[in-house]
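Peer 1: Pasting the sequence and the predicted coordinates here, then a few questions.
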Amino acid sequence: MTADKPVTGRVKTRWGSSAAYHSAMSTKVSWPEEELGKNRARQTLLSNTPVHPVQGAQVAPEIQYHRFIPGQPAPQDLGRPGGGGITATRSPDASGRKVSHKSSMPAISGWSVVALLIAFIVCLPILSVIWLSFNPEENIWPHLVNTVLASYIWTTLGLMLGVAIGTLLIGVSTAWLITHYEFPGRSLFNWALLLPFAVPAYVIAFIYTDLLEFAGPVQSGLRALFGWKLANEYWFPAIRTLPGAIIMLVLVLYPYVYLLARAAFLEQSASVLEAAKVLGGPSQNLFFRVALPMARPAIVVGLSMAMMETLNDFGTVDYFAVRTLTAGLYDVWLGMNNLGGGAQIATLLLMFVMMLIGLEKVSRRHQQNFQPTATRFRQLTRHPLSGRRALLASAACLAPVLLGFLIPAWVLVDYAITYFAESWTEDFRQIAINSMLLSGTAAATAVTIGILLSYSQRLHPTRLLRTSVNVSSMGYAVPGAVLAIGVIIPFATFDNTLDDFMRRHFDISTGLLLSGTVFALIFAYTVRFLAVAYGSVDASMKKISPHMDDAARSLGHSSVSILTRIHLPLMKSGVLTAALVVFVDCMKELPATLILRPFNFDTLATHVYQFASDELIGEASLGALLIVLVGLAPVILLTTTIDRSRELKAAGITTIDASGDTPKPATA
Amino acid sequence: MKSPLLRTLAAVSAVLSLSVAGSVLAAEEVNVYSYRQPFLTKPVFDEFTKETGIKVNTVFAKEGLIERLMNEGRNSPADLMLVANVGTLGAAVESDLAQRVDSDVLEANIPANFRDKGNKWFGLTSRARVIITSKDRVEPGLIESYADLTKPELEGRICTRSGKHPYMVELVAAMITHDGKASAQNWLAGVKENLARKPQGGDRAQVSAIAEGECDVAIVNSYYMGGMLSDPEQKATAETVNILFPDQNGNGTHMNISGVIMTKAAPNRDNALKLMEFLSNDVAQSIYADLNQEFPINPDVPASDLISSWGEFKHDELSLNAIIKNRALAYRLADEVDYDG
């Protein structure tokens, strides 16, 4: 479309709907011209004013178009430095303010009120943790600064950097191979690469220690082979170290990046990539200059989930004696009996995460990517690889599956068989059912709330809502046990206040209504994993062109019917992905479950933990194996569903493509 | 999509709440928050239910139960809290979560140094913090006390768990009580000098490290040795070391305890008292002793055969209240000498 700029640069389809979408400008490709009209399609910035959901049915969207010349300072306040990248002046805000001013009525619509209320409730645990941090038992910082703080911080940074590099390398490269090439085992690896996701980090840490420590089979084998006897006679890499912890976390966390990168690559229409080629982009750069930048928001969502998991991990770092800030938090809380001090470290972690997310957002401020409308979607054709390259591709996909899943699963099966008689008890089935029901409910709740928040923000983006969503998403980065305390505080306060009130006025005690119930657990899971659900849902929703909304509006659809009849079907794979990830995460969740659960209530994770915490791996193995197996079912189910929904989408479109309506490079 | 979803939600919560409600509605019951693992507590509670007909409901967690109790306040359903170390017992009392329990049975069964002076916490089992040495590589007589661990001959030969683990902290807190802060700090720094590796793993891992030749000496809790020696898979590992009760010519071997408090809220106070007394009586004490190889707190109950075979030894009779008092200081020392670094 834009001939002013060759499309060998980053390919971006940018839309600025001043309200629902920040900055936009179309540098290119395949936005259906008929939808915009030829003249307006080029170099325009689209303002899409939200419509009142109640009265809105009949109100035509107000559309403002701004002329925008790439490479030059934008008109009015829509500043964007010529080279792209970080903007100095925040253009979308300016236009956003303009619109929200105009549409101050819709800002108090039902959607907004409900969304704000939910966002606020979901924020409560985080706010409680922050509140705790203002009430420390004593000031821990002089002591920490003088002693171990520097080491905590460096270790944390090292761990995060290592995990980031590892997950990106494995996740993105395998996702690219799977979506763009044909090689032996591809269709198998397509879903098998997700398997390590079902293995909890604390379990894999146990297993590899068991395998690689002195008494383990690897070193025993080496000793038998070379006739060594004691540990000091030979060198073997120590597993309980920082690099060891990095490898363990990478092995179980890369599926986050893989899952989202794969979905993003799959959703990239072949037409986009072809357009880039036609326009003269060197094909070997296609990945770095076109596909990767387009997939970046999704990849970053995956990466930030992996980072937050890294920050909240206590099991692995504790087991490996790696002194991260999280380990320090536990030290201060439990060792020094200073919960407030621990909360201060938690708040520090939160600021850390906020900074990361903020940096990321700034860097892609102008990078809203929309796919061409569905009618333009065309399936990718995969290039067959042969010979050594095919072998390499297979090996690259096999390695993470082998290390992250097959080996640990094999060890677990081995132990589970040995200890089967004492592990397979009556309670065991009930515990497994508990886990499934709980995780399923939490996944449904988190995804529903994620959709609600994301859609409200699309309808009426208010700063307040955005902030609350951001705060509640922090739940993922808080170590589970700390978040559990954050859940206990508002729940107990509510229960006790109500109880006080009832006692005073009606002389009845209502006791604890919410605290210590399954409801508290589901709430905690929802808060903890909302970031996952919201991130995935929101990424999908942002890919839906606001034009769809506009068109549907002008045809008289209400906001609810737009959501259910247009967005949800289009977002199916994103929603399923979100549900899958939350479900598996809940199955593995341990620290918050331990603290919040009702009496006599176990999940598989707590069941495993009671043995594992006392170094009884054998007894723990059957439960751990079941967590892994249960995690598998949805992995397989959902990978196929996601693929099918994509195939259907592709199938529906091929006819249109076949009619000769292929995307044409724009002419000036 | 929404209404089936909501329906599912409702159905699921119904199922879950039913499964929970069923267990809490039993007529006679007592509710326990436990920092001790279910495999230890369950056999004892089952026995209690069999004897008295009172059902015991439990929540087990390794952290956060104090905070839960604190926030639940007077409406907390918990009657008792079982705790794995004396520091947490102290923290619970400091946070004013425990109520005073005056019981002749408890006073008769539990020696004075193993219960709170104000009758707010009670020890239930005790374990000795022993030194273990490689049978092959450590000559007898080299080590007789904790202080000997700082000897220069032991450079690069000692393994321990983290200096911030409650068991290590309490040992150092006892040293502070006996000899003062400076002496304890020197000891901790001296042991650090002699460490073979960065402190890591639990007590069992230290035993394995000796068996594997990574180090020659370690400090562990007695019940881990008992546990390993009675586990066929770990017996061989545990048999590579000698068990040594330190400070027999001085203050005696440091003892730490697991214990119990009754919460202030305690809705089932009578049942809770029954359970406390039951836990200090011979039946429960022998179950604990046999199951986890801990020392019975009740002097009338013999230790397990295995533990008894190690012979009599002199306990450090220091009041645990003193250890609670110095615990925070001991904890800081670990950071100050960068013991884990």
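Peer 2: Good, I have the coordinates.
Peer 1: what are the phi and psi angles of the residue of chain A most remote from its centre?
Peer 2: Residue farthest from the centre of chain A, counting by CA atoms, centre = their mean, is residue A:227 at 48.6 Å. Here is the backbone geometry of residue A:227 (degrees, to the nearest 10): phi 80, psi 20.
Peer 1: Please apply the same query to residue A:487.
Peer 2: phi -80, psi -40.
Peer 1: Please name the residues that touch it.
Peer 2: A:125, A:128, A:520, A:523-524, A:527, A:592, A:596 (CB atoms under 8 Å, 6 or more residues apart in numbering or on different chains). Any C-beta I mention is one placed from the backbone N, CA and C, and that applies to glycine too.
Peer 1: Next one: it relative to residue A:426, how far apart?
Peer 2: For residue A:487, the distance to residue A:426 (CB to CB, to the nearest Å) stands at 31 Å.
Peer 1: What is the nearest of the contacts of residue A:487 to chain B?
Peer 2: residue A:596 (7.7 Å; CB to the nearest CB).
Peer 1: can I assume that closest one is in contact with residue A:524?
Peer 2: Yes - look at residue A:596 against residue A:524 with CB atoms under 8 Å: they come within range, at 5.5 Å.
Peer 1: which neighbours do these two share?
Peer 2: A:484, A:487.
Peer 1: Of those two, which one has the most company?
Peer 2: More crowded of residue A:596 and residue A:524, by other CB atoms under 10 Å in any protein chain shown: residue A:596, with 31 against 28.
Peer 1: And the more buried one, its phi and psi?
Peer 2: Torsion angles, degrees, to the nearest 10, at residue A:596: phi -90, psi -10.
Peer 1: mind listing what the closest residue to chain B within the stretch 51-200 of chain A touches?
Peer 2: Per CB to the nearest CB, residue A:147 is where the stretch 51-200 of chain A lies closest to chain B, at 4.0 Å. Listed by CB under 8 Å, 6+ apart, the contact partners of residue A:147 are B:335-336, B:338.
Peer 1: mean confidence score for stretch A:579-597?
Peer 2: Mean pLDDT, computed over stretch A:579-597, is 84.
Peer 1: can you list the domains in the chain?
Peer 2: Since no chain was named, I'll use chain A. Using automatic domain parsing, the domain parsing of chain A gives A:1-106, A:109-155+A:177-244+A:385-546+A:562-653.
Peer 1: my bad, the chain I had in mind was chain B
Peer 2: The record's domain parsing of chain B by automatic domain parsing lists B:28-125+B:256-303, B:127-254+B:316-336.
Peer 1: Of all those domains, which one is nearest residue A:335?
Peer 2: Proximity of the domains of chain B to residue A:335 was assessed by CB to CB; the nearest stretch is domain B:127-254+B:316-336, lying at 4.9 Å.
Peer 1: now the closest one, how far from the centre of its chain.
Peer 2: 15 Å (CA atoms, centre = their mean, to the nearest Å).
Peer 1: for stretch A:590-601, same thing?
Peer 2: On CA atoms, centre = their mean, the centre of stretch A:590-601 falls 25 Å from the chain's centre.
Peer 1: Take the domains of chain B and lay them out in a markdown table including distance to residue A:176 and mean neighbour count.
Peer 2: A markdown table is the format used below for the domains of chain B (distance: least, CB to CB, whole Å; neighbours: other CB atoms under 10 Å in any protein chain shown):
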| stretch | distance to residue A:176 | mean neighbour count |
| --- | --- | --- |
| domain B:28-125+B:256-303 | 42 | 20 |
| domain B:127-254+B:316-336 | 38 | 20 |
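Peer 1: Including distance to chain A, could those go into JSON lines?
Peer 2: Formatted as JSON lines, the domains of chain B follow (distance: least, CB to the nearest CB, whole Å):
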{"stretch": "domain B:28-125+B:256-303", "distance to chain A": "4"}
{"stretch": "domain B:127-254+B:316-336", "distance to chain A": "3"}
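Peer 1: Next up, the contacts around whichever residue of the stretch 351-500 of chain A sits closest to chain B.
Peer 2: Using CB to the nearest CB, the closest approach of the stretch 351-500 of chain A to chain B is made by residue A:492 at 3.7 Å. For residue A:492, the contacting residues are A:512, A:515, B:71-73, by CB under 8 Å, 6+ apart.
Peer 1: Check residue A:490 too.
Peer 2: Residue A:490 is in contact with A:124-125, A:128, counting by CB under 8 Å, 6+ apart.
Peer 1: For residue A:561, state which of these is nearest.
Peer 2: Nearest member of the contacts of residue A:490 to residue A:561, counting by CB to CB, is residue A:124, at 31.9 Å.
Peer 1: List the contacts of that closest one.
Peer 2: A:486, A:490 are the contacts of residue A:124 under CB under 8 Å, 6+ apart.
Peer 1: any idea which helix or strand carries it?
Peer 2: helix A:110-132 (DSSP states H and E).
Peer 1: circling back to that earlier point, please identify which helix or strand holds the residue of the stretch 351-500 of chain A closest to chain B.
Peer 2: helix A:480-506.
Peer 1: next structured bit after that helix?
Peer 2: Next along the chain from helix A:480-506, counting by DSSP H and E, comes helix A:518-543.
Peer 1: Tell me the gap between that following helix and the middle of its chain.
Peer 2: 9 Å.
Peer 1: Taking helix A:110-132 as reference, get the angle to it.
Peer 2: 120 degrees (axes from the mean of the first three to the mean of the last three CA atoms, to 10 degrees).
Peer 1: Next secondary structure after helix A:518-543?
Peer 2: According to DSSP H and E, the helix or strand after helix A:518-543 is helix A:546-554.
Peer 1: Pull out the buried residues from that next one.
Peer 2: Residues of helix A:546-554 classed as buried by neighbour count (16 or more other CB atoms under 10 Å in any protein chain shown): A:546-553.
Peer 1: ok, now stretch A:479-494?
Peer 2: For stretch A:479-494, using 16+ other CB under 10 Å, the buried residues are A:479-492.
Peer 1: now the strands for the chain?
Peer 2: Using chain A. A:44-48, A:63-67, A:181-182, A:383-384 (DSSP state E).
Peer 1: Sorry, I should have been clearer: chain B.
Peer 2: Assigned by DSSP E, chain B shows strands spanning B:29-34, B:55-60, B:80-83, B:121-134, B:158-159, B:217-221, B:241-244, B:255-262, B:295-296.
Peer 1: quick one: the first one to strand B:255-262, angle?
Peer 2: Same thing as strand B:29-34. Calculated by the same axes, to 10 degrees, strand B:29-34 forms an angle of 140 degrees with strand B:255-262.
Peer 1: what's the angle between strand B:29-34 and strand B:55-60?
Peer 2: Calculated by the same axes, to 10 degrees, strand B:29-34 forms an angle of 20 degrees with strand B:55-60.
Peer 1: Kindly report the same for the longest one.
Peer 2: The directions of strand B:121-134 and strand B:55-60 differ by 50 degrees, with the same axes, to 10 degrees as the criterion.
Peer 1: where does the stretch 151-300 of chain A dip in pLDDT?
Peer 2: For the stretch 151-300 of chain A, the stretches with pLDDT under 70 are A:268-274, A:277, A:280-285.
Peer 1: now the residue of it found nearest chain B, nearest residue through space, not along the chain?
Peer 2: Taking CB to the nearest CB, chain B has its nearest neighbour within the stretch 151-300 of chain A at residue A:230, 2.9 Å off. Distances taken as CB to CB, 6 or more residues apart in numbering or on different chains put residue B:213 closest to residue A:230, at 2.9 Å, once the chain neighbours are dropped.
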